[in-house]
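Asks: my questions concern the predicted model and sequence given below.
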Amino acid sequence: MAFGGEGRGMTASDQSSDDQDGASASVHGGTVRRLNLNLLYPLDAILHAPTLTEAGRRVSLSQSAMSHALRRLRDHFGDDLVVHAGGEPHLTPLAHALRPEVRRIMREVEGAFNYSIAFDPLTTTETITIAADDANEQMLLGPVLRSFATLAPGLQVNVIPLDIERPDRSLDQGADLLLLPEHMALDGLETMPMLTVWPSCLVWDRHPEFQDCIHITEAQYRAARHIVARG
């Protein structure tokens with residue numbers, strides 16, 4: 001089980017003028033000069049919203065302020081980030097590469113500013129979003145929600161489908177918690193084991209190799225012939 005967070009929007013008052021940009025900082029051996037870190041919020045919105053207008057709405061910036069932010073981001077990255085083709089906006093290859101990195105940074109920032117050592121599950125009224133596939137939803141969500149009812153009775157829970165191909169996209173869609181197999185756990189996120197599942201199979205009671213077996217090895221299983229139900 002992996003945890004993640006979502007970034008929050010900023011208000012128009014968060015926008016700083018060019019002459020208020022931050023000092024330079026070293027990033028991966030390079031230098032970022034005069035980059036206002038408030039641009040992270042517009043950048044994240046631009047990379048995930050379908051239009052610039054919608055991106056501005058998500059971070060409470062006017063269209064002109066959002067256009068100004070996009071110009072500054074283009075100058076910084078030396079890339080258009082968003083181009084129009086056939087009347088539709090499309091992200092450039094660099095923008096696509098930036099999406100997971102920027103969203104990861106936003107989750108870390110959100111986690112840092114929401115960090116509290118005084119969290120009381122018995123009194124919280126927060127809302128969390130859980131992403132799960134069908135199998136884990138059936139096996140795990142019932143016990144999880146029952147435990148929440150006792151341990152955090154005021155907690156509101158939303159459930160969304162887990163993106164099996166790209167679990168990180170579920171975080172982009174607002175998931176705070178993922179229920180997924182261990183091998184699909186995402187680097188950089190806190191994980192906690194919830195369930196260990198051992199495969200079981202039906203064996204003919206007069207099978208010449210397994211008559212006296214309670215457990216069989218994976219090698220034995222793979223070497224045996226199988227009946228598979230289809231349709």
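Replies: That came through fine. Numbering: from 1, shown residues only.
Asks: need the residue closest to the centroid of the chain.
Replies: The residue lying closest to the centre of the chain (Cα atoms, centre = their mean) is L171, at 1.9 Å.
Asks: show the secondary-structure elements that the helix or strand containing it is packed against.
Replies: Secondary structure from DSSP states H and E places L171 in helix 167-172. Here helix 167-172 touches helix 93-113, strand 127-132, strand 177-179, going by 3 or more Cβ pairs under 8 Å, 6 or more residues apart in numbering; DSSP states H and E. No exception for glycine: its C-beta is placed from N, CA and C like everyone else's.
Asks: now do the same for the residue lying closest to T127 once chain neighbours are set aside: its pLDDT.
Replies: Sequence neighbours aside, Q156 is the residue nearest to T127 in space, at 4.0 Å (criterion: Cβ to Cβ, 6 or more residues apart in numbering). Among the per-residue scores, Q156 shows a pLDDT of 92.
Asks: phi, psi of Q156?
Replies: The phi/psi pair for Q156 (degrees, to the nearest 10) reads phi -100, psi 140.
Asks: tell me how many other residues crowd it.
Replies: 12 (other Cβ atoms under 10 Å).
Asks: report the contact partners of it.
Replies: Contacts for Q156 (Cβ atoms under 8 Å, 6 or more residues apart in numbering) come out as T125, E126, T127, I128.
Asks: residues touching the residue lying closest to the second one once chain neighbours are set aside, list them.
Replies: It refers to E126. Excluding its sequence neighbours, the residue lying closest to E126 (Cβ to Cβ, 6+ apart) is L155, at 6.4 Å. L155 sits next to P121, T124, T125, E126, T127, I128, F148 when contact means Cβ under 8 Å, 6+ apart.
Asks: between those, which is closest to P208?
Replies: F148 (50.1 Å; Cβ to Cβ).
Asks: confirm that that closest one sits in a helix.
Replies: Yes - according to DSSP: H, G, I helix; E, B strand; the rest coil, the state of F148 is that of a helix.
Asks: now for it, how many residues are close by?
Replies: 16.
Asks: same deal with T92?
Replies: The burial count for T92: 15, using other Cβ under 10 Å.
Asks: which of the contacts of L155 sit farthest apart?
Replies: P121 and T127 (13.6 Å).
Asks: more neighbours, those two?
Replies: Higher neighbour count among P121 and T127: P121, with 13 against 10, using other Cβ under 10 Å.
Asks: distance check, that one against G111.
Replies: With the distance defined as Cβ to Cβ, to the nearest Å, P121 ends up 17 Å from G111.
Asks: now do the same for L70: helix, strand or coil?
Replies: helix.
Asks: which helix or which strand is home to the nearest residue to it once chain neighbours are set aside?
Replies: The shortest distance from L70 to any residue other than its chain neighbours is 6.2 Å, reached at I46 (Cβ to Cβ, 6+ apart). Taking DSSP H and E as the definition, I46 sits inside helix 40-48.
Asks: understood, closing this out.
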